[in-house]
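Asks: Just to be clear, the model below is a prediction. Sequence and coordinates:
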Amino acid sequence: MPALVVVGAQWGDEGKGKVVDLYTPYADLVVRYAGGANAGHTLVVKGEKLILHLIPSGILHDGQCVIAQGTVLDPEVLLREIDQLEARGVDCQSRLKISDRAHVVLPQHKLIDGLREAAKGDDAIGTTKRGIGPTYEDKVGRRGVRMGDLRSRERLQPKLEANLAAWRPVIEAHGGEVPELEPILQTYLAMGARLGDAICDTAQIVAEAVAQDQRILLEGAQGTMLDIDHGTYPFVTSSNAIAGGACAGAGIGPTAISAVVGITKAYATRVGGGPFPTELNDEVGQKLRDVGVEYGSTTGRPRRCGWMDAVALRLAVRVNGMTEIALTKLDVLRGHETLKICVAYELDGERLSVPPYDDLDRVTPVYESLPGFSEDISGCRVRADLPANARAYIERLEDLVGCKVGIISVGPDREATADVSNPFGA
Ligand code: GDP
Ligand code: IMO
Ligand code: MG
């Protein structure tokens with residue numbers, strides 16, 4: 001069975017980019033299946049850092065990369081990313097294909113995303129203001145513009161006119177100025193022309209890869225707790241970030257997926273608003289932020305930090321059908337005398353082992369304490385090399401969530417990883 005999904009198991013920024021980069025040498029095709037430029041996936045190779053927002057994190061290796069129809073694409077960001085990579089000598093032209101059915105993020109989407117957030121004040125979701133929500137709204141509302149529409153003025157103009165007309169009253173109600181049609185038309189047609197034949201029916205590429213029993217790596221964006229159906233609604237993104245999203249988003253049947261690797265940090269972070277039961281607004285949280293350099297890869301915002309939430313992670317194991325966990329940033333836990341894991345929640349005197357969706361902002365975490373470790377683990381390359389307390393922490397987590405840890409990441413660099421093996425099997 002050829003396909004493997006890499007999915008965020010928390011609130012995003014778990015280290016998906018790093019893990020996809022590590023798995024790519026074993027894959028024939030890497031497919032990004034959801035989200036847009038709200039994502040920021042970081043790759044660090046020999047100390048050199050690269051942040052990708054749209055292009056699959058497999059691009060630094062050989063082989064084909066696809067941005068599939070489940071994504072929403074800002075062509076401006078995409079072209080900038082292609083230019084950056086080409087300037088570094090990475091060939092994108094021949095290796096990157098973009099779905100003609102992926103929806104286009106337009107200037108009005110970014111504008112209204114920002115206006116709405118500003119109008120919400122203290123109740124803001126804390127979106128990345130990349131126009132993600134409004135673009136998915138248009139997709140579901142059946143008034144979206146798709147990448148294939150950028151091929152000609154005849155296709156684009158009527159759709160763009162209708163789209164602008166739909167947003168006009170909303171933008172005006174927020175005191176915004178509706179962008180003009182003609183400049184958007186010209187800019188987006190030019191960008192479509194630049195992308196040229198890279199825009200195609202990528203579901204065919206995926207289908208052929210499945211038929212030929214090739215190894216397909218499906219790269220998720222965001223995380224399970226930000227999923228539109230399974231996350232902390234309404235403080236979520238607007239797509240299905242979970243592994244199931246890969247089927248619709250990439251065009252692959254569920255029976256073709258053989259494994260799901262969930263990425264989780266050894267602690268928890270969240271950027272933006274919404275409930276976060278294990279959040280630490282104290283010096284422990286600040287230490288996690290400082291040591292883990294917890295600042296958003298896309299917006300630069302400080303990430304909220306807290307202890308590992310095994311209740312949320314157990315949910316992620318379940319809804320993703322996770323076959324394995326990749327544990328990242330274990331090195332960041334160094335130097336804490338005690339490590340805590342949230343094993344249950346308490347709500348109105350009751351102990352809960354599953355997140356109560358509508359009351360998540362009212363729960364109190366129930367912690368289990370484990371002894372910490374003080375050793376530098378960044379040189380460990382197999383689990384057995386880790387200090388006993390670090391191993392005990394991982395084993396307890398595995399027990400609590402019912403899923404085994406495979407890869408253990410002990411530093412940002414590609415090399416700083418223990419137990420990397422072929423995720424597709426021998
Ligand atoms: P993604 O969105 O899931 O790909 O994750 P991000 O790239 O947004 O955030 C993860 C951050 O942690 C990046 O800055 C990575 O370079 C960094 N990182 C990944 N794994 C490790 C690790 O094991 N240790 C440390 N210290 N940093 C890591
Ligand atoms: P990666 O792929 C972390 C969060 C935003 C906000 C909410 C909605 O790098 O893990 P949106 O702009 O999607 O409408 O914002 O979702 N968010 C992310 N947080 N990592 C991401 O992506 C995120 N993508 C969206 O901060 O709370
Ligand atoms: Mg990120």
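Replies: Received the coordinates, thanks. Residues are numbered from 1 along each chain as shown. Ligands and ions are numbered 1, 2, ... in the order given.
Asks: Going along the chain, name the helices of this structure.
Replies: In the chain, the helices defined using DSSP state H lie at 16-23, 75-87, 107-120, 132-140, 153-173, 181-195, 202-211, 245-250, 283-292, 310-320, 388-401.
Asks: and the stretch 51-200 of the chain, which residues reach ligand 2?
Replies: Contact residues (CB under 6 Å from any ligand atom) of the stretch 51-200 of the chain with ligand 2: 125, 126, 127, 128, 130, 132, 133. All C-beta atoms are positioned from the backbone trio N, CA, C, and that covers glycine.
Asks: ok, and the most crowded of the residues you listed?
Replies: The most crowded member of these, judged by other CB atoms under 10 Å, is residue 132 (26 neighbours).
Asks: who touches it in this structure?
Replies: Contacts for residue 132 were tallied using CB atoms under 8 Å, 6 or more residues apart in numbering; they are 35, 36, 37, 38, 72, 105, 109, 113, 237, 238, 239.
Asks: One more pass at 10 Å, please.
Replies: Taking CB atoms under 10 Å, 6 or more residues apart in numbering, we find residue 132 in contact with 35-39, 71-72, 74, 105, 109-110, 113, 222, 237-239.
Asks: From the residues you listed, pick the one nearest residue 403.
Replies: Residue 403 has its nearest neighbour among the contacts of residue 132 in residue 222, at 19.8 Å by CB to CB.
Asks: ok, that closest one touching residue 37?
Replies: No - with contact defined as CB atoms under 10 Å, residue 222 does not reach residue 37; the gap is 11.9 Å.
Asks: These two: which is more packed in?
Replies: residue 222 (31 against 25).
Asks: From residue 135, how far off is the more buried one?
Replies: 14 Å (CB to CB, to the nearest Å).
Asks: Tell me how many other residues crowd the closest residue to residue 73 other than its chain neighbours.
Replies: Distances taken as CB to CB, 6 or more residues apart in numbering place residue 102 nearest to residue 73, at 4.9 Å, with adjacent residues excluded. When neighbours are counted by other CB under 10 Å, residue 102 registers 28.
Asks: wait, residue 102 sits on residue 195?
Replies: No - in terms of CB under 10 Å, residue 102 does not count as a neighbour of residue 195; the distance is 11.1 Å.
Asks: what do the two both touch?
Replies: With CB under 10 Å, 6+ apart as the test, residue 102 and residue 195 both reach 73, 75, 78, 147.
Asks: want to try JSON lines for those residues, with distance to residue 24 and pLDDT as columns?
Replies: Output for those, formatted as JSON lines (distance: CB to CB, whole Å; pLDDT from 0 to 100):
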{"residue": "73", "distance to residue 24": "21", "pLDDT": "98"}
{"residue": "75", "distance to residue 24": "24", "pLDDT": "98"}
{"residue": "78", "distance to residue 24": "19", "pLDDT": "98"}
{"residue": "147", "distance to residue 24": "24", "pLDDT": "98"}
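Asks: Can you tell me which of the residues you listed comes closest to ligand 2?
Replies: Closest approach to ligand 2 among those (CB to the nearest ligand atom): residue 73, at 13.9 Å.
Asks: give me the beta-bridge partners of that closest one?
Replies: residue 104 (DSSP bridges).
Asks: Please give me every residue in contact with it.
Replies: 32, 36-37, 54, 67, 98-99, 102-105, 135, 146-147, 150, 195, 199.
Asks: So which of the residues you listed sit within strands?
Replies: 32, 67, 98, 99, 103, 104, 199 (DSSP state E).
Asks: Please point out which parts of stretch 77-94 sit buried.
Replies: 77, 78, 81, 82, 85, 90, 92 (16 or more other CB atoms under 10 Å).
Asks: Surely residue 101 touches residue 145?
Replies: No - using CB under 10 Å, residue 101 and residue 145 do not qualify as a contacting pair, with a distance of 11.2 Å.
Asks: With neighbour numbers in mind, choose between those two.
Replies: More neighbours surround residue 145 than the other of residue 101 and residue 145, with 23 against 19 (other CB under 10 Å).
Asks: The more buried one: what's it in contact with?
Replies: Contacts here follow CB under 10 Å, 6+ apart; on that basis residue 145 touches 103-106, 109, 135, 138-139, 155-156, 159-160, 162-163, 184, 188.
Asks: Any figure for the gap between it and residue 17?
Replies: For residue 145, the distance to residue 17 equals 28 Å [CB to CB].
Asks: would JSON lines of the helices of the chain with distance to residue 232 be doable?
Replies: As requested, these are arranged in JSON lines below (distance: least, CB to CB, whole Å):
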{"stretch": "helix 16-23", "distance to residue 232": "19"}
{"stretch": "helix 75-87", "distance to residue 232": "26"}
{"stretch": "helix 107-120", "distance to residue 232": "16"}
{"stretch": "helix 132-140", "distance to residue 232": "15"}
{"stretch": "helix 153-173", "distance to residue 232": "25"}
{"stretch": "helix 181-195", "distance to residue 232": "34"}
{"stretch": "helix 202-211", "distance to residue 232": "31"}
{"stretch": "helix 245-250", "distance to residue 232": "17"}
{"stretch": "helix 283-292", "distance to residue 232": "19"}
{"stretch": "helix 310-320", "distance to residue 232": "9"}
{"stretch": "helix 388-401", "distance to residue 232": "18"}
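Asks: of all the ones you listed, which lies closest to residue 371?
Replies: Per CB to CB, nearest to residue 371 of these: helix 388-401, 4.9 Å.
Asks: mind saving the C-alpha coords of the closest one as PDB?
Replies: Output of helix 388-401 as PDB, limited to C-alpha atoms (Å, rounded to 0.1, in the frame of the first residue of the first chain):
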ATOM      1  CA  ALA A 388      16.300   7.300  31.300                       C
ATOM      2  CA  ASN A 389      13.900  10.100  32.400                       C
ATOM      3  CA  ALA A 390      13.400  11.200  28.800                       C
ATOM      4  CA  ARG A 391      12.700   7.600  27.800                       C
ATOM      5  CA  ALA A 392      10.300   7.200  30.700                       C
ATOM      6  CA  TYR A 393       8.400  10.400  29.600                       C
ATOM      7  CA  ILE A 394       8.000   9.100  26.100                       C
ATOM      8  CA  GLU A 395       6.900   5.700  27.300                       C
ATOM      9  CA  ARG A 396       4.300   7.200  29.600                       C
ATOM     10  CA  LEU A 397       3.000   9.300  26.700                       C
ATOM     11  CA  GLU A 398       2.700   6.300  24.500                       C
ATOM     12  CA  ASP A 399       0.700   4.500  27.200                       C
ATOM     13  CA  LEU A 400      -1.600   7.500  27.800                       C
ATOM     14  CA  VAL A 401      -2.500   8.000  24.100                       C
END
